[in-house]
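In: Sharing a sequence plus its predicted fold:
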Amino acid sequence: MPSPSESGRPELARASAPRRQPAIAEGFVAAVLDIVDSIPPGHVMTYGDVAATLGSRGARVVGQVMARYGSDAPWWRVIRASGHPPIDHEERALVHYRAEGTPLVTTDAGYRVAASARWRP
């Protein structure tokens, strides 16, 4: 049983409780994947671009959709706002960018996708 605080209410053990991932509506998942599938080869959209296309400000939710359900979609065509590919997928994405002729910019930290590759439906 939690110990009472100065207010007399039990203290909740916040740090030890596992965080549950919020559910994402099936319709939102399908809409995100449809947009990603429509991005032409050699072009990209940011997570925020995809969200804005859906009338949402949920770039992070778009990222969650891609992480959970995007393995069969052209995931490399969805990039961070900085122009960098998805975290921990830089090398795998680079293979796709080169194959599709996506314009890239070399940086001290590696590469990023050129702004000219951004696509708006």
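Out: That came through fine. These numbers come from a predicted model, not from an experiment. Numbering: from 1, shown residues only.

In: Does the one residue sitting closest to the centre of the chain lie in a helix or a strand, and which?
Out: In the chain, the residue lying closest to the centroid (Cα atoms, centre = their mean) is residue 63, at 2.3 Å. Using DSSP states H and E, residue 63 sits within helix 59-69.

In: helix or strand right after that helix?
Out: Next element after helix 59-69 (DSSP H and E): strand 78-79.

In: Check which helices and strands that following strand sits against.
Out: strand 45-46, helix 47-53 (3 or more Cβ pairs under 8 Å, 6 or more residues apart in numbering; DSSP states H and E). In short, each C-beta sits where N, CA and C put it, glycine included.

In: Output the contacting helices and strands for the helix or strand following it.
Out: Counting by DSSP H and E, the next helix or strand C-terminal to strand 78-79 is helix 90-100. Helix 90-100 sits against strand 110-113, with contacts defined as 3+ Cβ pairs under 8 Å, 6+ apart.

In: partner strands of the strand it packs on, parallel or antiparallel?
Out: strand 104-107 (antiparallel) (DSSP bridges).

In: which stretches of the protein aren't confidently modelled?
Out: 1-21 (pLDDT under 70).

In: The helix holding residue 63: which residues count as buried?
Out: The neighbour-count check on helix 59-69 (16 or more other Cβ atoms under 10 Å) flags 59, 61-66, 69 as buried.

In: and residue 111, what does it touch?
Out: 90, 94, 104-105 (Cβ atoms under 8 Å, 6 or more residues apart in numbering).

In: if I look at it, how far off is residue 47?
Out: Distance of residue 111 to residue 47, computed by Cβ to Cβ, to the nearest Å: 18 Å.

In: swap in residue 96?
Out: In terms of Cβ to Cβ, residue 96 sits 17 Å off from residue 47.

In: Equivalent analysis for residue 79, please.
Out: Distance from residue 79 to residue 47, by Cβ to Cβ: 8 Å.
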